[in-house]
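In: what's the 3D shape of this:
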Amino acid sequence: MKLKIAAGLLVGLSLAAPGQAASISYFLNQSNQLADGINYLKVTIDDEGALGAINFTVEALQPLLDLAGSNFGIQKFAFNVLGGVAAEARNVDEPAGWRARNGGRMDGFGLFDIRLEGKGNKRQDPLTFSITGVDFDTIQSYIDLSSGRSPEGFSLFAAHVAGFNLGNCDNGGYSGDKKGPSGSKKKGGSEGGKCITSAYFGGTQVVPAPPAIWLLGTAVAGLAVRRFRAGRQAAAA
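Out: Residues are numbered from 1 along each chain as shown. A predicted model of the protein is given here:
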């Protein structure tokens, strides 16, 4: 019985630790222009802060920052809403100069339920916004795949980032091979590809839980086993 209780405690700990953090993050590692398989952006959803608010933070990671030029930033972002959740564009508290709309396509990644967009002089990095006024929604309410035609694959989220320079952009707008930061040619690329100053990104890869969570779980498991063995030895004595 004690072993079962300890095992239940361990399972509860492994589930509760991420829940107590009240956040989950995903990498956007696919692109319609750059090489796939590179973590270009990170999307974090949390329910911390204002009561009832679900918060998004979208930030560019180093592979994109290495390409950043003038007026670099996120210009569009789109996400989905699970069926039965009454969230619409009017529930989005977007940054100044941005607007949210119901429905919208993101080049290569399909159709999304809600899309935010800012003007060229209002690009954001990081982009932060909140969803409020929706009854009984949770972080998981906004984690769902896109729909429709998606040549780059269905995605949980998608972002349009502009203001970077890839290729020989200062000399006629043409470069050699059309390659991503890793040096691997983007599928469909060709010799003499154009200078790239913006791209769309998507993905479904969850950011791994911090190692500390697993170390804590291992420590608790060891403690539970030791206590169980000590209890059996005491009972047999």
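
In: the longest strand in the chain is where?
Out: strand 68-79 (DSSP state E).

In: contact partners of that one?
Out: Contact partners of strand 68-79, identified using C-beta atoms under 8 Å, 6 or more residues apart in numbering, comprise 41, 56, 58, 60, 104, 106, 109, 112-118, 120-121, 123-127, 142, 146, 156-165, 197-198. C-beta coordinates here come from the backbone N, C-alpha and C atoms, glycine included.

In: Show me what Ile131 is bridged to.
Out: Ile54, Val92 (DSSP bridges).

In: which ones are touching it?
Out: Ile131 neighbours (C-beta under 8 Å, 6+ apart): 53-56, 87, 91-93, 137, 142.

In: I'd like those residues as a markdown table, with pLDDT and distance to Gly37 appended.
Out: A markdown table is the format used below for the contacts of Ile131 (pLDDT from 0 to 100; distance: C-beta to C-beta, whole Å):
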| residue | pLDDT | distance to Gly37 |
| --- | --- | --- |
| Ala53 | 96 | 33 |
| Ile54 | 98 | 29 |
| Asn55 | 98 | 28 |
| Phe56 | 98 | 24 |
| Ala87 | 98 | 31 |
| Asn91 | 98 | 34 |
| Val92 | 98 | 31 |
| Asp93 | 97 | 34 |
| Asp137 | 96 | 32 |
| Tyr142 | 98 | 25 |
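
In: quick one: buried residues of the one helix or strand Val58 maps to?
Out: Using DSSP states H and E, Val58 sits in strand 54-60. Within strand 54-60, the residues scored as buried using 16 or more other C-beta atoms under 10 Å are 54-56, 58-60.
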